[in-house]
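Enquirer: Sequence and predicted structure below; questions after.
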Amino acid sequence: MATRGPRAFDPVLVGNRETDAWVAYYRRDWARFLKASVGMVAAGFGMSPPRTFAGAWYVLKANQLWAPFPDNQPDGARAYMRRFYALVQTTGEVMIDPAEAARLEVEWWRIHRAHQHDEGVTESELESALVELYSYVYSVDPEAVQPAAHWRVQAMNLSDRWVADGCRPDDRTLVEERRALVTSYAALHKAVHL
């Protein structure tokens, strides 16, 4: 877990760890989610090992509060994500208000859940929420992060299909989802280094 910072992430590693986290989330395998989250936070934000573990724990707790449908706890999820982004802010590489970053994070979760259950909620709305989060956290032009948002939404669609098909760990859809997430993070990496 080398300390590298939030702008020096490895898109392949982050995309793979996020795929693992999504699989664990939908299977409600919280121990596996925590393991994937530690890897994702380490690869994505380059904090010290103690901060990485604390951040992964906050991400786990936020997701556990968000997971129940329809009776989840968005305020609690935002509170844990605020704690996560407060840790990210200590790297000195991003200038954010942790509460605002947490609000934007949980907002895309909300729109994704609405998109899962309401055909009237469009992919465009979900992409816009991701663009807003990315451009805020990394202080980049919204247009620069549009491709990253697009590919992450494609990954979500594949994940949703995988869930609808029964969450099988051997489903080939996970290969496509993994590829889409890696592509998304490669686009984000490019955007934050323009």
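Expert: Done, it's in.
Enquirer: only C-alpha atoms for contact and neighbour calcs from this point on.
Expert: Fine.
Enquirer: and the most far-flung residue of the chain relative to its centre, what helix or strand is that in?
Expert: Ranked by distance from the centre of the chain (C-alpha atoms, centre = their mean), the top residue is residue 120, with 23.1 Å. Assigned by DSSP states H and E, residue 120 belongs to no helix or strand.
Enquirer: Please tell me how far it sits from residue 140.
Expert: Going from residue 120 to residue 140 by C-alpha to C-alpha, to the nearest Å gives 30 Å.
Enquirer: next one: residue 13
Expert: In this view, residue 13 and residue 140 are 22 Å apart by C-alpha to C-alpha.
Enquirer: got it, and residue 155?
Expert: Distance from residue 155 to residue 140, by C-alpha to C-alpha: 22 Å.
Enquirer: residue ranges with poor pLDDT in the protein?
Expert: Scanning the chain with the threshold set as pLDDT under 70 gives 1-3.
Enquirer: what packs against the longest helix along it?
Expert: Ranked by residue count under DSSP state H, the longest helix found in the chain is helix 142-164. For helix 142-164, the elements it packs on are helix 123-138, helix 173-192, judged by 3 or more C-alpha pairs under 8 Å, 6 or more residues apart in numbering; DSSP states H and E.
Enquirer: I'd like to know which of the ones you listed is closest to residue 86.
Expert: Of all these, helix 123-138 sits nearest to residue 86, with 11.7 Å by C-alpha to C-alpha.
Enquirer: the inter-axis angle of the closest one versus helix 173-192?
Expert: Interaxial angle of helix 123-138 relative to helix 173-192 (axes from the mean of the first three to the mean of the last three C-alpha atoms, to 10 degrees): 50 degrees.
Enquirer: Just the CA atoms of helix 123-138, as PDB, please.
Expert: Listed next in PDB are the C-alpha coordinates belonging to helix 123-138 (Å, rounded to 0.1, in the frame of the first residue of the first chain):
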ATOM      1  CA  GLU A 123     -28.800   7.100 -17.800                       C
ATOM      2  CA  SER A 124     -28.100  10.800 -18.600                       C
ATOM      3  CA  GLU A 125     -29.300  11.800 -15.100                       C
ATOM      4  CA  LEU A 126     -26.900   9.200 -13.600                       C
ATOM      5  CA  GLU A 127     -24.000  10.400 -15.800                       C
ATOM      6  CA  SER A 128     -24.700  14.000 -14.800                       C
ATOM      7  CA  ALA A 129     -24.500  13.000 -11.100                       C
ATOM      8  CA  LEU A 130     -21.100  11.300 -11.600                       C
ATOM      9  CA  VAL A 131     -19.800  14.200 -13.600                       C
ATOM     10  CA  GLU A 132     -20.700  16.500 -10.800                       C
ATOM     11  CA  LEU A 133     -18.900  14.300  -8.200                       C
ATOM     12  CA  TYR A 134     -15.800  13.800 -10.300                       C
ATOM     13  CA  SER A 135     -15.500  17.500 -11.400                       C
ATOM     14  CA  TYR A 136     -15.900  18.600  -7.800                       C
ATOM     15  CA  VAL A 137     -13.500  16.100  -6.100                       C
ATOM     16  CA  TYR A 138     -10.800  16.500  -8.700                       C
END
